[in-house]
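Asker: What follows is a predicted protein model with its sequence.
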Amino acid sequence: MMALEDAINERLDKVFSITVCAFAKLFVKLSKEDQETLTVALQKGIATRTLVESLAKEGYKIGNETLNSHRYGRCRCPKA
Ligand SMILES: [Zn+2]
């Protein structure tokens, strides 16, 4: 029998995966350090292509357009 916590987490995963874009899904898989690095890079205005290439080197595949959409709020992530 599935523990209640597992059931809830699975449900949350499903909700998360349909409400956020591919970039946000990738982002949560990164280590805390990488998340901070990426957040700072986005704030500093590092070119999208540079970030995409850096992520690819680390084995994370994301498209320019996907990152751009997230960056400029055109993705389907809930807007704060
Ligand atoms: Zn997004």
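Answerer: Good, I have the coordinates. If you're wondering where the values come from, they're calculated on a predicted model, not measured in any experiment. Numbers count the residues shown, from 1 in each chain.
Asker: ok, residue 62 - contacts?
Answerer: 22, 23, 26, 52, 55, 56 (CB atoms under 8 Å, 6 or more residues apart in numbering). From N, CA and C alone the C-beta is placed, and that goes for glycine too.
Asker: Quick one: those residues as CSV, columns for secondary structure too.
Answerer: Formatted as CSV, those follow (DSSP: H, G, I helix; E, B strand; the rest coil):
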residue, secondary structure
22, helix
23, helix
26, helix
52, helix
55, helix
56, helix
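Asker: Quick one: buried ones out of those residues?
Answerer: 22, 23, 26, 52, 55 (16 or more other CB atoms under 10 Å).
Asker: quick one on the thing from earlier: and of the contacts of residue 62, the nearest to the ion?
Answerer: residue 23 (5.1 Å; CB to the ion).
Asker: pLDDT wise, what is that closest one at?
Answerer: At residue 23, the predicted lDDT confidence score is 95.
Asker: hang on, it packs against residue 68?
Answerer: No - Residue 23 is beyond contact range of residue 68, at 9.2 Å (criterion: CB atoms under 8 Å).
Asker: Quick check, residue 30 in contact with residue 39.
Answerer: No - here residue 30 does not reach residue 39: they are 10.0 Å apart, not a contact under CB under 8 Å.
Asker: Tabulate the buried ones among the contacts of residue 62 in a markdown table, adding columns for distance to the ion.
Answerer: Converted to a markdown table, the buried ones among the contacts of residue 62 look like this (distance: CB to the ion, whole Å):
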| residue | distance to the ion |
| --- | --- |
| 22 | 8 |
| 23 | 5 |
| 26 | 10 |
| 52 | 14 |
| 55 | 14 |
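Asker: now check the top helix by length along the chain, is it near the ion?
Answerer: Using DSSP state H to define each element, the chain has its longest helix at helix 4-19. No - applying CB under 5 Å from the ion, one finds helix 4-19 separated from the ion by no less than 9.6 Å.
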